[in-house]
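S.K.: Predicted coordinates and the sequence they were generated for:
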4 protein chains.
Amino acid sequence: MELEKFSGTVSAVLTPSANFEEGVGMTVDFHLKNGVNGFFVLGTNGEGVRIGPEKRKRVAEVFTNYVGSKGLVIVHTGAADLDTVRDLTKHASRVGADAVAVIFPFYYKYDLESLVSFYNEVVQASDLPVLAYSNPSTQGYRVPGRTVEALLEKVPGLRGIKDSSNDPELLLSLSRRFSSHFIASGGDELILYSLTVGIRRQVSAIASVYPDLVSELRRAFVSGDMEKALTLQSKVNNVKSILTEAGPYHAAFKHASKLRGVDLGGPYPPSRSLTPEEAESLTRKLLSIEKT
Amino acid sequence: MELEKFSGTVSAVLTPSANFEEGVGMTVDFHLKNGVNGFFVLGTNGEGVRIGPEKRKRVAEVFTNYVGSKGLVIVHTGAADLDTVRDLTKHASRVGADAVAVIFPFYYKYDLESLVSFYNEVVQASDLPVLAYSNPSTQGYRVPGRTVEALLEKVPGLRGIKDSSNDPELLLSLSRRFSSHFIASGGDELILYSLTVGIRRQVSAIASVYPDLVSELRRAFVSGDMEKALTLQSKVNNVKSILTEAGPYHAAFKHASKLRGVDLGGPYPPSRSLTPEEAESLTRKLLSIEKT
Amino acid sequence: MELEKFSGTVSAVLTPSANFEEGVGMTVDFHLKNGVNGFFVLGTNGEGVRIGPEKRKRVAEVFTNYVGSKGLVIVHTGAADLDTVRDLTKHASRVGADAVAVIFPFYYKYDLESLVSFYNEVVQASDLPVLAYSNPSTQGYRVPGRTVEALLEKVPGLRGIKDSSNDPELLLSLSRRFSSHFIASGGDELILYSLTVGIRRQVSAIASVYPDLVSELRRAFVSGDMEKALTLQSKVNNVKSILTEAGPYHAAFKHASKLRGVDLGGPYPPSRSLTPEEAESLTRKLLSIEKT
Amino acid sequence: MELEKFSGTVSAVLTPSANFEEGVGMTVDFHLKNGVNGFFVLGTNGEGVRIGPEKRKRVAEVFTNYVGSKGLVIVHTGAADLDTVRDLTKHASRVGADAVAVIFPFYYKYDLESLVSFYNEVVQASDLPVLAYSNPSTQGYRVPGRTVEALLEKVPGLRGIKDSSNDPELLLSLSRRFSSHFIASGGDELILYSLTVGIRRQVSAIASVYPDLVSELRRAFVSGDMEKALTLQSKVNNVKSILTEAGPYHAAFKHASKLRGVDLGGPYPPSRSLTPEEAESLTRKLLSIEKT
């Protein structure tokens, strides 16, 4: 699907660790059936950075093939070194993804000029549209809003950004100043806010387990039912709190996915799984909230 | 050189980006001539994580070969994913390094149980002694001192740790509780402190440019000349302040190395180089402090 | 004015440091003329905590008297010690304020049980409605959203909260779960968001200098002109960025107030004033943005 | 006692909340008997900032009178506003303290020029020697080491500083560059380090409960028994860890004081006391470590 034409929820989809091809098929079908046809593959929610490069390539390929023309596939190809980013990016192009997203280079911290040179290199190595991706909590540093905007101005090849910095001011500014770019918000707590300020794509971690909930929230907003939209955003927030407090993040998300009938295995190493007590407590809380 | 037998300064050596073999030879000779025969290769100071895996392997190999039996070579083989860590670790073993060090897995944050499983995997994949390495400012999370100690207890295969968390309490405790491990301090501001509390190995970034200064500091301490040791530790602190405020970190260190006659090229991408103004200002400050 | 009946913009009004009575009159009149009749007196924006207790009392009295029945006056009576909080609170009651707000006790950090005991003491000492006030950047610690909500539940005498933690999730939750309380948002970047989620009172620092701008933003939202509301929220954000980057915070706000014809003197000691260069640069930027 | 003549341990003494005069006498006698005759009164450990100004004055007076010529009394007179600082400072002078210490003004954050004006005001209001006091964890902002040093240079009336920023580099620099000032370290983990770098006064929170332990550590260092000094510093660190993890900080310290026979009551409001479970667990841990 052509990147710029896409509007809607993009699921930050989980990566199966067992029964690989089958898992991808299951989760993609589950999304499509529940109103979500955008896929952000191998991002922070998808454990991309802790999956070895060769396996990452297979994941990218299987997702891209399975989704085909049924949706949008953005493959996250970020890494701590530029060689790996280029390698993964070229591979994503070969297997037919619709775009790549590349997180701000991590481990070290970079200033604007270094970021400009980084994304120029990525753009030159890519046959696909390239998006920047900012996530302070994993990349390890907060890039000021005006640096983000200067980056988009100074690297004309960059087609947009997924911003997970949870900065309402930046989201509003991006929406207004970069209307011809692909701007996507990344924080589940700001889905409704980002819709309100005119952002047309919401990358959502919660959608990876509850695509129905997030697409319903979007529909409520689009149809003008603000009261319902607020109720659903509250529910998204509650589910997010429960999941992030349940134990290791991806262990909790994958447990929740299994509860919904989509068994994707456990988290990739070295993340531990939930203990039986954590799993039981999480199950109870999720079942209780689903009734609300 | 056998890991446990080594005592002394370990330089967190810079990685040449141009004139590769020649650069390694120059910097190793410069160290040996100035009293430092321990080499921490491809660590945070050596830009390891932002150098692509294939180039990292070459760097590890050239350093290992060049140093040979003239010193200790610890190769940093940490990465965000376990497959890459295993691959780099096995390679370091094949080329004959004395040990590997592996930073706490980054990008995501891990608890004790996950860290235990991570280092067990690394130890099993390694023919060499494995050291943990903690550096909160780059790995993105602070691991409490008691978690560090529990890790050393729960992974018997771990032979020690390089701790760069600048936590005086932890250094003292490691020194006393893990005296049969290879414990190395990592902060230049704490060289004298770590000597005082009985730590026998100091990994030093400043030593990568000023091996003479750091080895002189060590000699002053060993010979009981505390007043001189304090003066030299002050000088180390001043040089560190100047370098870290001069512009991008590695650009500054490599500029300083060139000033000392060891031209290793500029920083690896995507780090930018110093501007001419930054370079001139840094030159002036370093020359002025060298006279003190 | 009765607290619960008030709906609208509450200005986090600046405190005159020279020409005292005259200054209060000028700024109150300026607000009333520009559509704002809610006054949050001696809060963070009003320098309350760095004004000595006796002078704080005079400020509270003069504001209360001057506003009279023309608007709502909430006096901030928070301090680091409970005796001072009680003293200031009783005084605010005597001089006829409509409510007091008390920031989470600062300098030390407190858990839920300690906060409950603190606010119970304040409520018992007060004849006026008492609001909690949370501002992590000045109180020095972030109180989790669920602790804030538990506090409101456990201290029935608390009539509401001004929340400046810039936490969209908490604002939504407060709005929905505490609809009979006086809930006010405190971040200028979230004025439109808080209106969207149903919060009826917005305490605004920008309104202390640009009451016309903030009341126009509110009117646009209420009248359903979302496009205009977004434009005005963007302008609020831009003005806020300019002011917070111009030099010492209160020096910049008071300079801006003077530019608008309301000379309230400089900041209270020990804050320094703007340098001539800072003042000139700020003047230029503010004049330029006012034309947009 | 004359400030500059004092060398040794300064206890960051706890403030009795019950049986007031008696409590002061008990704790002072306990210190004197155990080798500590320096008293830092009403500091962070002494709950000064959360005790109302009138009660603070009484505390200052009773301590000053009781210690008399038997030791050094530094009264902490810091507050968020300058009027209160001046008032408390003048009072400390009237009752005969040896010096005052004033923490960097808190709630708001200040730059160098504002700090210079602040301390100039305090010095002018004081008949006593004035010390600055830096404690980032309570004042809410970290002041860079070079700003601290510039402050001492630009305010000639400042006689020294108590630095609790746990910055080994700054302590070394202060010790060497300001040898005619009264420089005191403030972190219990750095007692031995600060002695090593030539700092002659150590303000210690642990000394408020274990004066014997801290004075023994000092004696071991002075007599050249480094092995014993390291053992005692380790013990100080362990006690500190136990106390800071036991529950509300001051509740834990006061419980420990009571265990040692010096009952000073509970913490000042709004801090809660230990729960019975917390108290029992703390008792057990402290008794166990005292045997080591």
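M.R.: Arrived safely. Note that the coordinates shown come from a computational prediction; the quantities given were computed from them, not determined experimentally. Numbers count the residues shown, from 1 in each chain, chains lettered A, B, ... in the order given.

S.K.: leaving aside the residues next to it on the chain, what's closest to the closest residue to chain B within the stretch 101-250 of chain A?
M.R.: Per Cβ to the nearest Cβ, residue A:118 is where the stretch 101-250 of chain A lies closest to chain B, at 3.6 Å. Quick note: C-beta positions are derived from backbone N, CA and C, even for glycine. Distance criterion Cβ to Cβ, 6 or more residues apart in numbering or on different chains; nearest residue to residue A:118, sequence neighbours excluded, is residue B:270 at 3.6 Å.

S.K.: ok, and what's touching stretch A:203-214?
M.R.: With contact meaning Cβ atoms under 8 Å, 6 or more residues apart in numbering or on different chains, stretch A:203-214 is reached by A:9-14, A:27, A:30-31, A:34-36, A:38, A:40, A:43-46, A:162, A:164, A:184-186, A:188, A:191, A:202, A:215, A:232, A:235-236, A:239-240, A:243, A:253, A:256-257, A:260.

S.K.: And chain C, is stretch A:190-197 touching that?
M.R.: Yes. Applying Cβ under 8 Å from any Cβ of the partner chain, one finds stretch A:190-197 touching chain C at A:190, A:192-193, A:196-197.

S.K.: Which residue ranges of the stretch 151-292 of chain A form strands?
M.R.: Using DSSP state E, counting those that start in this stretch, the strands found in the stretch 151-292 of chain A span residues A:158-163, A:182-185, A:201-204.

S.K.: mind checking how far residue A:59 is from chain B?
M.R.: Residue A:59 sits at a distance of 12 Å from chain B (criterion: Cβ to the nearest Cβ, to the nearest Å).

S.K.: In JSON lines: the strands of the stretch 151-292 of chain A, plus mean neighbour count.
M.R.: JSON lines is the format used below for the strands of the stretch 151-292 of chain A (neighbours: other Cβ atoms under 10 Å in any protein chain shown):
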{"stretch": "strand A:158-163", "mean neighbour count": "24"}
{"stretch": "strand A:182-185", "mean neighbour count": "26"}
{"stretch": "strand A:201-204", "mean neighbour count": "28"}
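
S.K.: Could you save those strands as CSV and add columns showing distance to residue B:64?
M.R.: Formatted as CSV, these follow (distance: least, Cβ to Cβ, whole Å):
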stretch, distance to residue B:64
strand A:158-163, 40
strand A:182-185, 45
strand A:201-204, 44
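
S.K.: Can you add mean pLDDT and give the ones you listed back as JSON lines?
M.R.: Listed next are these as JSON lines, based on pLDDT from 0 to 100:
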{"stretch": "strand A:158-163", "mean pLDDT": "98"}
{"stretch": "strand A:182-185", "mean pLDDT": "98"}
{"stretch": "strand A:201-204", "mean pLDDT": "98"}
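
S.K.: and of the ones you listed, who's closest to residue B:176?
M.R.: Proximity to residue B:176, assessed across the strands of the stretch 151-292 of chain A by Cβ to Cβ, is greatest for strand A:158-163 (47.1 Å).

S.K.: Put the alpha carbons of the closest one into PDB.
M.R.: Taking C-alpha atoms only, strand A:158-163 is exported to PDB below (Å, rounded to 0.1, in the frame of the first residue of the first chain):
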ATOM      1  CA  LEU A 158      12.800  11.800   5.000                       C
ATOM      2  CA  ARG A 159       9.200  11.200   4.400                       C
ATOM      3  CA  GLY A 160       7.900  11.600   7.900                       C
ATOM      4  CA  ILE A 161       8.300  10.500  11.500                       C
ATOM      5  CA  LYS A 162       6.700   8.200  14.100                       C
ATOM      6  CA  ASP A 163       7.000  10.200  17.300                       C
END
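
S.K.: Mind listing residues that contact the helix or strand where residue A:83 lies?
M.R.: Under the criterion of DSSP states H and E, residue A:83 resides in helix A:82-94. The contact list for helix A:82-94 (Cβ under 8 Å, 6+ apart) reads A:53, A:56-57, A:60-61, A:64, A:75, A:77-79, A:100, A:102, A:105, A:118, A:121-122, A:125-128, A:130, B:50-55, B:269-270.

S.K.: ditto for stretch A:123-136
M.R.: Taking Cβ under 8 Å, 6+ apart as the rule, stretch A:123-136 contacts A:3, A:43-44, A:74, A:76, A:78, A:85-86, A:89-90, A:92-93, A:97-104, A:119, A:122, A:142-143, A:148, A:151-152, A:155, A:157-165, A:182, A:184, A:186.

S.K.: Say whether chain B is contacted by the host helix or strand of residue A:100.
M.R.: Using DSSP H and E, residue A:100 sits in strand A:99-103. No. With Cβ under 8 Å from any Cβ as the criterion, chain B is not reached by strand A:99-103; the gap is at least 8.8 Å.

S.K.: That strand pairs with which strands, parallel or anti?
M.R.: Strands that pair with strand A:99-103, judged by DSSP bridges, come out as strand A:72-76 (parallel), strand A:130-134 (parallel).

S.K.: what angle sits between the first one and strand A:158-163?
M.R.: Inter-element angle recorded for strand A:72-76 and strand A:158-163: 80 degrees (by axes from the mean of the first three to the mean of the last three Cα atoms, to 10 degrees).

S.K.: got the angle between strand A:72-76 and helix A:82-94?
M.R.: Using the same axes, to 10 degrees, strand A:72-76 lies at 160 degrees relative to helix A:82-94.

S.K.: what do you get for the last one?
M.R.: Counting by the same axes, to 10 degrees, strand A:130-134 points 130 degrees away from the direction of helix A:82-94.

S.K.: how about the CA coordinates for strand A:130-134, as CSV?
M.R.: Extracted in CSV, the C-alpha atoms of strand A:130-134 (Å, rounded to 0.1, in the frame of the first residue of the first chain):
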residue,chain,number,x,y,z
VAL,A,130,12.2,6.3,5.1
LEU,A,131,10.6,7.5,8.3
ALA,A,132,12.4,8.7,11.4
TYR,A,133,11.3,7.3,14.7
SER,A,134,11.8,8.9,18.1
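
S.K.: Residue A:289 touches residue A:242, doesn't it?
M.R.: Yes. Using Cβ atoms under 8 Å, residue A:289 is in contact with residue A:242, at 6.6 Å.

S.K.: Pick out whichever of these two has more residues nearby.
M.R.: residue A:242 (18 against 13; other Cβ atoms under 10 Å in any protein chain shown).

S.K.: Need the three-state assignment for the residue of chain A found nearest chain D.
M.R.: Residue nearest to chain D within chain A (Cβ to the nearest Cβ): residue A:142, separated by 16.8 Å. Assigned state for residue A:142: coil (three-state reduction, DSSP: H, G, I helix; E, B strand; the rest coil).

S.K.: can you pull the contacts of it?
M.R.: A:136, A:165.

S.K.: ok, 6 Å please
M.R.: residue A:136 (Cβ atoms under 6 Å, 6 or more residues apart in numbering or on different chains).

S.K.: and it, what pLDDT?
M.R.: Note on residue A:142: pLDDT of 95.

S.K.: how close does it get to chain C?
M.R.: From residue A:142 to chain C the distance is 14 Å (Cβ to the nearest Cβ).

S.K.: Backbone dihedrals for that residue, please?
M.R.: With angles defined as degrees, to the nearest 10, residue A:142 sits at phi -90, psi 130.
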